[in-house]
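Provided below for reference: sequence and predicted model.
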Amino acid sequence: MIRKAKKSDIKSCLFLQKLDKGTYWKQTDLEKAIKDKDVVFLVAEDKKVIGYIIGEIPPTKRTEAAICETRVHKKERGKRIGTKLVNELCKQFFQKGVKTIYAQIEPKHLKFYRDACKFKITHKWIEVAKGD
Ligand SMILES: CC(C)(COP(=O)(O)OP(=O)(O)OC[C@H]1O[C@@H](n2cnc3c(N)ncnc32)[C@H](O)[C@@H]1OP(=O)(O)O)[C@@H](O)C(=O)NCCC(=O)NCCS
């Protein structure tokens, strides 16, 4: 089942991140994500939380949204849970009036986003960054 994340899910989401040795999301980030009307934060649940997805509408361009992260428990991968999370997130953004949903991805995730989730390669950007 895919549903909106609640505050009580945060611990499980952080645990999934930790299993993958991730450190990006902190408790406070996810608490803010739940409260923010421009964020779609969903979890996949099968008795317990086994996946999550976070995406956001930027404050300026209200017809665009970006996927921040999709993550599924290591042992539950390959069962289309990630695809379901992405599809539901996209559905909810389109309902909010978003026209385009972007994701910056590593090359290894191309098969997932392009083939399974039906995203198109835009050839628009090369990622550059400054600071941490
Ligand atoms: C990427 C991720 C969310 C996919 O979740 P999932 O539930 O396993 O994905 P699905 O089962 O819906 O996959 C659908 C298709 O995409 C492919 N796919 C999924 N993850 C893939 C990966 N890491 N590399 C290559 N192909 C992948 C699958 O092979 C599958 O195709 P198939 O069933 O025809 O073989 C999951 O691997 C994950 O949590 N990875 C760690 C976190 C991460 O790096 N997230 C992506 C960045 S936002």
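Structure's in. What do you need?

the ligand contacts on the chain?
20, 69-72, 77-83, 108-109, 111-112, 116 (Cβ under 6 Å from any ligand atom). From N, CA and C alone the C-beta is placed, and that goes for glycine too.

for this structure, which helix is longest?
As assigned by DSSP state H, the longest helix anywhere in the chain is helix 81-95.

which elements pack onto the following helix or strand past that one?
Next in sequence after helix 81-95, counting helices and strands by DSSP states H and E, comes strand 100-103. Identification of packing neighbours for strand 100-103 by 3 or more Cβ pairs under 8 Å, 6 or more residues apart in numbering; DSSP states H and E yields strand 64-72, helix 81-95.

buried residues in the first one?
Buried residues in strand 64-72, defined by neighbour count with 16 or more other Cβ atoms under 10 Å: 65-68, 70-72.

how about residue 21, phi and psi?
When read as degrees, to the nearest 10, the backbone of residue 21 gives phi 60, psi 30.
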